[in-house]
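Let me see the structure of the following:
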Amino acid sequence: FSMADTSYLAVANYYDGSSYNTNSMIYQWTGAAFAAFQSIPTLGATDWKYFNIDGSSFLAVANHQDSTTTSVDSVIYRWTGAAFVAVQSIPTHGAVGWRSFSFDAAASPYLAVANYGSDSFTDSISVVYQWNGTAFAAIQ
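Numbering: from 1, shown residues only. Now for the predicted structure:
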């Protein structure tokens, strides 16, 4: 993704060989290579989604599981101009991906999370959220 003519790469790290509680990385393009820019704690991360709302940049991470459960929060981060900071936690159940979309320029944007399942079943319901001006609220 790009912000202010600078390119970044968000990498979701699922497992570090001993734990799902591992850091995922955001890298910044230097003109010759990607350099580590920001480390973010994640829980079995499977996906990052970058999106904009009214000129503000966001990243959402799909956290799939920790060491004991797939019922973990996924997190939405907002760009401050220097780093991404957590602004909202979303309850998820084995999250595997995010999609952002809108139907027209005047409508509030949507964010959908694909949930794989909870600890006891794999037919978990995915959820659609809508931006209410300050946060995402579940609508379906």
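
from the chain's centre, how far out does stretch 132-140 sit?
The chain centroid and the centroid of stretch 132-140 are separated by 15 Å under Cα atoms, centre = their mean, to the nearest Å.

quick one: buried residues of that stretch?
F136 (16 or more other Cβ atoms under 10 Å). Quick note: C-beta positions are derived from backbone N, CA and C, even for glycine.

Please work out the average pLDDT along that stretch.
Across stretch 132-140, the average pLDDT comes to 96.

What lies in contact with that stretch?
Outside stretch 132-140, the residues that touch it by Cβ atoms under 8 Å, 6 or more residues apart in numbering are 76, 87-88, 90, 108, 110-111, 127-130.

And stretch 77-95, by the same measure?
3, 26, 38, 40, 46-47, 56-65, 70-76, 113-118, 122, 124, 127, 129, 135-136.

just the strands in this protein please.
Assigned by DSSP state E, the strands in the chain fall at 2-3, 6-11, 21-29, 34-43, 45-53, 56-63, 71-79, 84-93, 95-101, 110-115, 127-131, 136-138.
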